[in-house]
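K.L.:
Sequence first, predicted model second:
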Amino acid sequence: MLTAVLIVIHLIVSVGLVIFILLHSGRGGGLSDMFGGGVGSVASGSTVVERNLDRITVTLVVIFAFTSIALGLRL
């Protein structure tokens, strides 16, 4: 039962990671430019949207690592 729950969480987090990593900016563009923040983000560093995107991505990475280790020990 626990293994099935871990697999479901792992799959959801995996899809979320793919989505959030693709939303990150590469060399220039990205999520902030898509919403018209291109000029402001160059002048002030990173925007609130980019910082929140980073936080969500890091949280998903930690959950992904935890579920990977837990599944590795379980199976």
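P.N.:
Sure, I can see it. Numbering: from 1, shown residues only.

K.L.:
Give me the residue at the spatial middle of the chain.
P.N.:
Residue closest to the average C-alpha location in the chain (C-alpha atoms, centre = their mean): Thr57, at 2.4 Å.

K.L.:
Tell me the spacing between it and Glu50.
P.N.:
Using C-beta to C-beta, to the nearest Å, Thr57 is found at 10 Å from Glu50. Using the backbone N, CA and C atoms, a C-beta is placed for each residue, glycine as well.

K.L.:
Low-confidence bits of this structure, can you list those?
P.N.:
Scanning the chain with the threshold set as pLDDT under 70 gives 27-46, 75.

K.L.:
In terms of secondary structure, what does the strand or helix carrying Ile19 contact?
P.N.:
Assigned by DSSP states H and E, Ile19 belongs to helix 2-23. If you count contacts as 3 or more C-beta pairs under 8 Å, 6 or more residues apart in numbering; DSSP states H and E, helix 2-23 packs onto helix 48-74.
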